[in-house]
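In: Next come a sequence and a model predicted from it.
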Amino acid sequence: MKRFIPGLMSVAALTALALGLAEPARTAEDLISYVVCRNEDIHILSLPETSPEELAGLCGYDPEAYIISLTEREDYILVTMRDAVSVTLEADGEKREIRATGGTVGDLLENFNVTVGEEDIVSHPADTPLADGMAIKIGRVTYGEAFEERSVPHGTVYQDSSSLYKGAEETLTEGSDGVERLTYRVKYIDGVETGRELVGTETVKESVDTVIARGTKVKETPKPATQPSGGNTSSGGNTSSGGNTSSGGNTSSGGNTSSGGNTSSGGNTSSGGSIPSGRSI
């Protein structure tokens, strides 16, 4: 649709412009011919110098809803109005509100000279059409190195020893833990670690095993002692082979009694005493 704002141009000139037979031209030094295009709508104005926003308002458009560009031609100024979408672009720690004229995410990044690395992460594929309110975020991927030391536990080794009795142990070498150094490749997105991969291991200190001797020697059992033949046996008294036998020693029943001797009732008996012949007891 073509719309004309007359008053400063002749009817013949406007008719020629409408039929496409002529281009708008300046009618005076203080007047400028503007051709305002929005999609298929065309408006031709002849005005003193006017701002793009004012031109959009004169044609009935909200300047905030469009991206307006001016292109100066030989005899007129072409005013192009494109529908605007508001998008948010966040990259490299900076967040920008952008009014764009459509196209795709890739077009927007190219127009604003935003480079995307091979491993960078973009929130939307490059061929995604721009939409009003879209938030586009680019995560910058970088890599670094990180190091870590950790303990390597030592072991225990046993050795048989014939110099130690069974069940006995002796520590020959005191053990100690080792130390190893780990190297990681660390992935960062916008400076924040998101993962790491072990890429190398280096021994800083070797571990030393504990060595313990374990006895194998068997203890000898002592033999029982043997008694010699022809010895003395005492059972409550002394018994001597080939000698005298005393039964329990001395017994007194109101007096003393000695085996093999004389017995005196109520008196003393003396071993080895004599009884005179011819006397009765």
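Out: Thanks, I have the structure now.
In: And the helices in this structure?
Out: 11-18, 52-58, 105-111 (DSSP state H).
In: ok, E40 - how many residues close by?
Out: Residues within reach of E40, counting by other CB atoms under 10 Å, total 7. Every C-beta, even on glycine, is put in place using the N, C-alpha and C of the backbone.
In: Quickly note the distance from it to A84.
Out: Distance, E40 to A84, by CB to CB, to the nearest Å: 18 Å.
In: Identify the bridge partners of E197.
Out: Under the criterion DSSP bridges, E197 forms beta bridges with R185.
In: what residues are up against it?
Out: Residues counted as contacts of E197 (CB atoms under 8 Å, 6 or more residues apart in numbering) are Y184, R185, K187.
In: Check G117 too.
Out: Contact analysis of G117 by CB under 8 Å, 6+ apart lists R140, V141.
In: can you tell me how far it sits from V141?
Out: From G117 across to V141, the span is 7 Å (CB to CB).
In: anything in contact with each of the two?
Out: Contacts common to G117 and V141, judged by CB under 8 Å, 6+ apart, are absent.
In: Grab the nearest non-local neighbour of E64.
Out: Nearest residue to E64, sequence neighbours excluded (CB to CB, 6 or more residues apart in numbering): A84, at 7.8 Å.
In: So what's the residue count around the one you found?
Out: Based on other CB under 10 Å, the number of other residues close to A84 is 20.
In: where's it relative to E53, distance?
Out: 13 Å.
In: and what of M81?
Out: M81 is 11 Å from E53, by CB to CB.
In: more neighbours, those two?
Out: Neighbours were counted for M81 and for E53 using other CB under 10 Å; M81 has more, 23 against 14.
In: for that one, what are its contacts?
Out: Taking CB under 8 Å, 6+ apart as the criterion, M81 is in contact with V36, C37, R38, A56, Y61, Y66, I67, I68.
In: and these, which are buried?
Out: Those of these that meet the buried threshold are V36, R38, A56, Y61, Y66, I67, I68, by 16 or more other CB atoms under 10 Å.
In: which two of these lie the greatest distance from each other?
Out: Greatest spatial distance in these: V36 and I67, 13.4 Å, computed using CB to CB.
In: Need the pLDDT of A18.
Out: If you check A18, the pLDDT there is 52.
In: same question, V35
Out: V35 is given a pLDDT of 92.
In: how many neighbours does it have?
Out: Applying other CB under 10 Å, we find 19 residues neighbouring V35.
In: How about the contacts made by it?
Out: V35 neighbours (CB under 8 Å, 6+ apart): P24, I42, H43, I44, Y76, I77, L78, V79.
In: In TSV: those, plus neighbour count and distance to L198.
Out: TSV is the format used below for the contacts of V35 (neighbours: other CB atoms under 10 Å; distance: CB to CB, whole Å):
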residue	neighbour count	distance to L198
P24	23	72
I42	16	67
H43	22	68
I44	22	71
Y76	20	69
I77	20	65
L78	14	62
V79	21	62
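In: and the least confident of the residues you listed?
Out: Per-residue pLDDT puts P24 lowest of those, at 53.
In: Could you measure from T104 over to R181?
Out: Per CB to CB, T104 is found 48 Å from R181.
In: Likewise for L172?
Out: In this view, L172 and R181 are 30 Å apart by CB to CB.
In: ditto for E54
Out: Taken as CB to CB, the span from E54 to R181 is 71 Å.
In: Please apply the same query to E119.
Out: Look at E119 and R181: by CB to CB, they are 27 Å apart.
In: where do the strands sit along the stretch 101-250 of the chain?
Out: 121-122, 135-139, 141-152, 156-165, 169-173, 178-189, 192-205, 210-217 (DSSP state E, counting those that start in this stretch).
In: Alright, I will stop here.
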